[in-house]
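A.B. asks: Sequence and predicted structure are below.
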Amino acid sequence: MSIALIVEGKNDKSRLRRLLTDDILILCTYGSLNTTRLEELKKKVGEREVFLFTDNDSSGKKIRGILRDTFPDAEQIYTRRGYAGVEGTPDEYLIQQLEKAGLEEYIVYPPVLPTFEKF
């Protein structure tokens, strides 16, 4: 399965790039969408399965609505209200949302640090 994940900005992209393998193409809207930008995104996406991961604020919802029209079959991934967008969401929550979207095989899980018991 070939996947494209569309996010708002470069900080969102770099945050998610750390958590996902290079198999997933991460594209940015850069916060604004016009006809030219949408055509660019459609061209880059090609035949890939599309996931949308935008902020849970008014501009993120607006961008999500436009993207939903352009990519009607796209899967939606949401961050929790109250977090400072995708880039300000804790890794644990991002991973949880990516797992919910069925992207487990593409997640780069952080190493588990050993715990030491006191005797």
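C.D. replies: Now that the structure is in, tell me what you want to look at. Numbering: from 1, shown residues only.

A.B. asks: Could you pick out the longest helix of the protein?
C.D. replies: In terms of residue count, the longest helix belonging to the chain (DSSP state H) is helix 58-70.

A.B. asks: Flag every buried residue along that one.
C.D. replies: Residues G60, I63, R64, L67, T70 are the ones in helix 58-70 that count as buried (16 or more other C-beta atoms under 10 Å). C-beta: built from backbone N, CA, C; applies to glycine.

A.B. asks: And stretch 72-90, by the same measure?
C.D. replies: Counting neighbours by 16+ other C-beta under 10 Å, the buried set in stretch 72-90 is A74, E75, I77, Y78, T79, Y83, G85, V86, E87, T89.

A.B. asks: Run through the residues that contact the nearest residue to the fifth one once chain neighbours are set aside.
C.D. replies: By the measure of C-beta to C-beta, 6 or more residues apart in numbering, the closest residue to T79 outside its immediate chain neighbours is T89, 4.7 Å from it. Residues in contact with T89 (C-beta atoms under 8 Å, 6 or more residues apart in numbering) are R15, T79, R80, Y83.

A.B. asks: Check whether A101 really touches L52, as I assumed.
C.D. replies: No: taking C-beta atoms under 8 Å as the definition, A101 is not a contact partner of L52, at 10.0 Å.

A.B. asks: just to revisit the earlier point, so what secondary structure elements neighbour the following helix or strand past the longest helix of the chain?
C.D. replies: Downstream of helix 58-70, the first helix or strand assigned by DSSP states H and E is strand 75-78. Judged by 3 or more C-beta pairs under 8 Å, 6 or more residues apart in numbering; DSSP states H and E, the packing partners of strand 75-78 are strand 49-54, helix 91-100.

A.B. asks: Quick check: mean pLDDT of strand 75-78?
C.D. replies: Strand 75-78 carries an average pLDDT of 92.

A.B. asks: Can you list the low-confidence ranges for this protein?
C.D. replies: In the predicted model, the chain carries pLDDT under 70 at residues 1, 113, 116-119.
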